[in-house]
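Engineer: predicted model and sequence follow; I will ask about them next.
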Amino acid sequence: MPTSRLSLQLYSLRDQLHTDEEGTLARVAEIGLRNVEVFDFVHRPRELADALARHGLAARTGHAAIAFPDRTPDTLRRTFDAAQVLGLETVFEPMVPAARWAEAREIDRTASLLNEAAAVAADHGLQVGYHNHSQEFTPTIDGVNAYDRFVERLDAEVGLEVDVYWASAGGRDAVGLLRRLGPRVRALHIKDGAVIDDPHTSGAPFDITLTRQVPAGQGEIPVAAALAAAPDTAWAVVEFDHYAGDMFEGVAGSVAYLNEKGIV
């Protein structure tokens, strides 16, 4: 049986939350979710924590920018103070732009920034990690894939949140990647859809509808094999960047799929 717990990245419902936060959280709970992954939380941690609690929801992971070069110690402290208020366990850097994956120096700097953030987070009783898109897997530096170079330079305390959709879109064998990373993977983003070429590296405008994202198990991404390749991962986090239908129905479909796999 998988040991992962089920969660939902609230970014999937960003439009609905903006219109009606209370009603949206109520529907998340009605779907059967008890855990969520938060975003954009640093400026309102108490308000958000109270809103989640009113609907029987908890957040143990969250996304916040912690690896940008012009951050300050105060920025990190505010982020981790907010994370403590919410009861988070891990803060994941959600995205580093494509340009920073094209040069060895920038890749190494990103790893260093996360290593430094991990030390500050530890003082708050927290961990940090990195969430991938597709641009990390496209460049090759001195014969080594940019993502592999990055992981090699991370301290053991820094975890990884592997987005199985974007890893596949980056041309990587997501299942093989998960097997190699092993316990470094703290969470999975469970997302399904069409396999496409990496859209992030070119810098050109990208039509997100081309991903044709669907509930887990209904697209071209090897979701079941990815789950099997990471049986000890702490979290299986449902996420959609886009969904052509009713987003609540899409989320419910992915939740039902993961429940069938024993993830609740």
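Structural biologist: Looks like it arrived, so ask away.
Engineer: going forward, measure contacts between C-alpha atoms and count neighbours the same way
Structural biologist: Will do.
Engineer: hmm, who's touching stretch 179-193?
Structural biologist: 156, 158-165, 178, 211-221, 223, 229-230, 232-240 (C-alpha atoms under 8 Å, 6 or more residues apart in numbering).
Engineer: cool, stretch 9-23 as well?
Structural biologist: Taking C-alpha under 8 Å, 6+ apart as the rule, stretch 9-23 contacts 24-25, 36-39, 51, 237-242, 247.
Engineer: which members of the contacts of stretch 179-193 are classed as buried?
Structural biologist: Buried by 16 or more other C-alpha atoms under 10 Å: 158-165, 178, 211-221, 223, 229-230, 232-240, out of the contacts of stretch 179-193.
Engineer: gap between the two ends of stretch 161-173?
Structural biologist: Using C-alpha to C-alpha, to the nearest Å, the end-to-end distance of stretch 161-173 comes to 16 Å.
Engineer: any idea of the mean pLDDT for that stretch?
Structural biologist: For stretch 161-173, the mean pLDDT works out to 95.
Engineer: neighbouring contacts of it?
Structural biologist: The contact list for stretch 161-173 (C-alpha under 8 Å, 6+ apart) reads 92, 129-138, 174, 178, 185-193, 195-198, 221, 223, 226.
Engineer: among those residues, which lie within helices?
Structural biologist: Judged by DSSP state H, these include 174, 178, 223, 226 as members of helices.
Engineer: farthest-separated two in those residues?
Structural biologist: Within the ones in helices among the contacts of stretch 161-173, two members stand farthest from each other by C-alpha to C-alpha: 178 and 223, at 11.6 Å.
Engineer: gap between residue 7 and residue 260?
Structural biologist: As judged by C-alpha to C-alpha, residue 7 and residue 260 stand 15 Å apart.
Engineer: before we move on, back to that, derive a ChimeraX selection command for the buried subset of the contacts of stretch 9-23.
Structural biologist: The ChimeraX command for the buried members of the contacts of stretch 9-23 (criterion: 16+ other C-alpha under 10 Å) is given here:
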select :24,25,36,37,38,39,51,237,238,239,240,242,247
